[in-house]
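Asks: build the 3D model from these lines:
(one chain, ligands or ions: 1)
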Amino acid sequence: RRHSRKRLNFRNFYELTDEHLGSGAYASVRTCISKEDGQEYAVKIVDKQDESHTRWRLLREVNTFEMCEKCDNIVKFIDWYEDESNFYMVFEKLHGGPLLQHIIRKTYFTEEEARRVTKDIATALRFLHGQGIAHRDIKPENILCTERDRVSPVKICDLDLASRPMKSHSPPKVVAEPDLASPVGSAEFMAPEVVDAFIGESLKYDKRCDMWSLGVIIYIMLCGYAPFQGECTNEDCGWMEGRPCDDCQRDLFTRIQLGDYDFPEEEWGMISQEAKDLVRHLLVKNVNERYTADQVLEHPWVRQQSAPPTILQTASNLFR
Ligand SMILES: O=C1N=Cc2cc(Nc3ncnc4nc[nH]c34)ccc21
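Replies: Residues are numbered from 1 along each chain as shown. You can find the predicted model right below:
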């Protein structure tokens, strides 16, 4: 009972400020100040009204963060609370904010800065994948800059969609007399891909989705636009303003599935061959061939002490 009582008093331990750090569909992230040490923290406030946000789902995310506390490139989780209407997840406060907002504010952004950010994200992914966890939602909003005045080091956040490592790779316990009503107990009915998921290679490959996402982030950091973009015939469909458009969405999915992207000379002419080579090894449709986090960290462009100081056109293109 003591344990749960403590959980109910977020406001006894922290005071919310009116600084909003971000908001998603079901949660908002705000700055709060600890009454204990006077330091700023970030708190993700999850609305309980959305019944898909159960305590079980919160505790799973909390547990995933606790597995990652040793990794310097994953935002540090501090503690969680709840009251009748919200869950509160408290994190260390990072002062640089989300990656793209940071890059837009910079007058110039160099390959060397892109290399350092890439190394930090690959380090976080190597740690997660080493724990058997796939992030599954790697995107610029989930890459946070630690400092206001420089783009690296960065940390990844939001493990809500992260996969949980399988307890063990043992195949499902098969009972002698299969109870036909409960498919889990009887492997006789499992499809090949389900058997594969239990014991096959697919477990190894489910982390590779994060490496594709990393490839898209590196591409955007180097030129300021995405490798795959959807566009429909209707000029002012609203897609570019962030409004939904089914035709654009379908076009985007088709382009991703075809994996057809290129390096337009205007921006990519001045970018090193090593940087392009790394992107080529990540935006690979075949997961068997797609680079792992270890391979990214061993790649010449990432390993080198510094990449070319070439000033990129990223910031101006991001503004478009
Ligand atoms: O788990 C999280 N899901 C979203 C999220 C955002 C988030 N945001 C921030 N955390 C710490 N400092 C931040 N500064 C800006 N946004 C910040 C932290 C943790 C999570």
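
Asks: ok, and the closest non-adjacent residue to R115?
Replies: A307 (4.1 Å; Cβ to Cβ, 6 or more residues apart in numbering). The way it works is simple: take the backbone N, C-alpha and C, and place the C-beta from them, glycine included.

Asks: show me which residues of the stretch 51-200 of the chain are close to the ligand?
Replies: V75, F91, K93, L94, G97, L144, C157, D158 (Cβ under 6 Å from any ligand atom).

Asks: I'd like these as a markdown table, with pLDDT, neighbour count and secondary structure appended.
Replies: Shown next, in a markdown table, are these (pLDDT from 0 to 100; neighbours: other Cβ atoms under 10 Å; DSSP: H, G, I helix; E, B strand; the rest coil):
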| residue | pLDDT | neighbour count | secondary structure |
| --- | --- | --- | --- |
| V75 | 97 | 24 | coil |
| F91 | 98 | 20 | strand |
| K93 | 98 | 20 | coil |
| L94 | 97 | 20 | coil |
| G97 | 92 | 15 | strand |
| L144 | 97 | 26 | strand |
| C157 | 95 | 25 | coil |
| D158 | 91 | 22 | coil |
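
Asks: redo the residues you listed as a markdown table? Include distance to F189.
Replies: Below are those laid out as a markdown table (distance: Cβ to Cβ, whole Å):
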| residue | distance to F189 |
| --- | --- |
| V75 | 42 |
| F91 | 43 |
| K93 | 50 |
| L94 | 48 |
| G97 | 50 |
| L144 | 45 |
| C157 | 40 |
| D158 | 36 |
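
Asks: out of these, who's nearest I256?
Replies: D158 (21.4 Å; Cβ to Cβ).

Asks: rewinding a little: from what I can see the residue nearest to R115 touches L278, true?
Replies: No - between A307 and L278 there is no contact under Cβ atoms under 8 Å: 10.5 Å.

Asks: look at the two and report which has more neighbours.
Replies: L278 (26 against 21; other Cβ atoms under 10 Å).

Asks: helix, strand, or coil at that one?
Replies: helix (DSSP: H, G, I helix; E, B strand; the rest coil).

Asks: which residues touch it?
Replies: Counting by Cβ atoms under 8 Å, 6 or more residues apart in numbering, L278 touches T118, G215, I218, Y291, V296, H299, W301, V302.

Asks: what residues are up against the residue nearest to R115?
Replies: Contacts of A307 (Cβ under 8 Å, 6+ apart): T110, E111, E112, A114, R115, S272, E274, A275, W301.

Asks: so can I have TSV of those residues showing pLDDT and neighbour count?
Replies: Shown next, in TSV, are those (pLDDT from 0 to 100; neighbours: other Cβ atoms under 10 Å):
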residue	pLDDT	neighbour count
T110	92	19
E111	95	24
E112	95	16
A114	96	27
R115	96	26
S272	95	18
E274	96	17
A275	97	27
W301	97	22
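
Asks: which elements pack onto the strand or helix carrying A122?
Replies: A122 belongs to helix 111-130 when elements are defined using DSSP states H and E. The helices and strands touching helix 111-130, judged by 3 or more Cβ pairs under 8 Å, 6 or more residues apart in numbering; DSSP states H and E, are strand 154-156, helix 208-223, helix 273-282, helix 293-298, helix 300-303.

Asks: quick check: which of the ones you listed is buried the most?
Replies: Comparing the helices and strands packed on helix 111-130 by mean neighbour count (mean count of other Cβ atoms under 10 Å), strand 154-156 comes out on top with a mean of 25.

Asks: could you point out which element follows it?
Replies: Scanning onward from strand 154-156 (DSSP H and E), the first element met is helix 192-199.

Asks: and the angle for the helix holding A122 with helix 273-282?
Replies: Interaxial angle of helix 111-130 relative to helix 273-282 (axes from the mean of the first three to the mean of the last three Cα atoms, to 10 degrees): 30 degrees.

Asks: any idea how far K76 is from the residue lying closest to L144 once chain neighbours are set aside?
Replies: Leaving aside its chain neighbours, L144 sits nearest to L94 (4.4 Å; criterion: Cβ to Cβ, 6+ apart). For L94, the distance to K76 equals 9 Å [Cβ to Cβ, to the nearest Å].

Asks: shaky segments in this structure?
Replies: 1-6, 165-185, 200-203 (pLDDT under 70).

Asks: state the distance from the residue nearest the centre of it to T118.
Replies: Central residue check for the chain by Cα atoms, centre = their mean: the C-alpha nearest the mean position is that of I138, 2.3 Å away. Look at I138 and T118: by Cβ to Cβ, they are 12 Å apart.

Asks: good, wrapping up.
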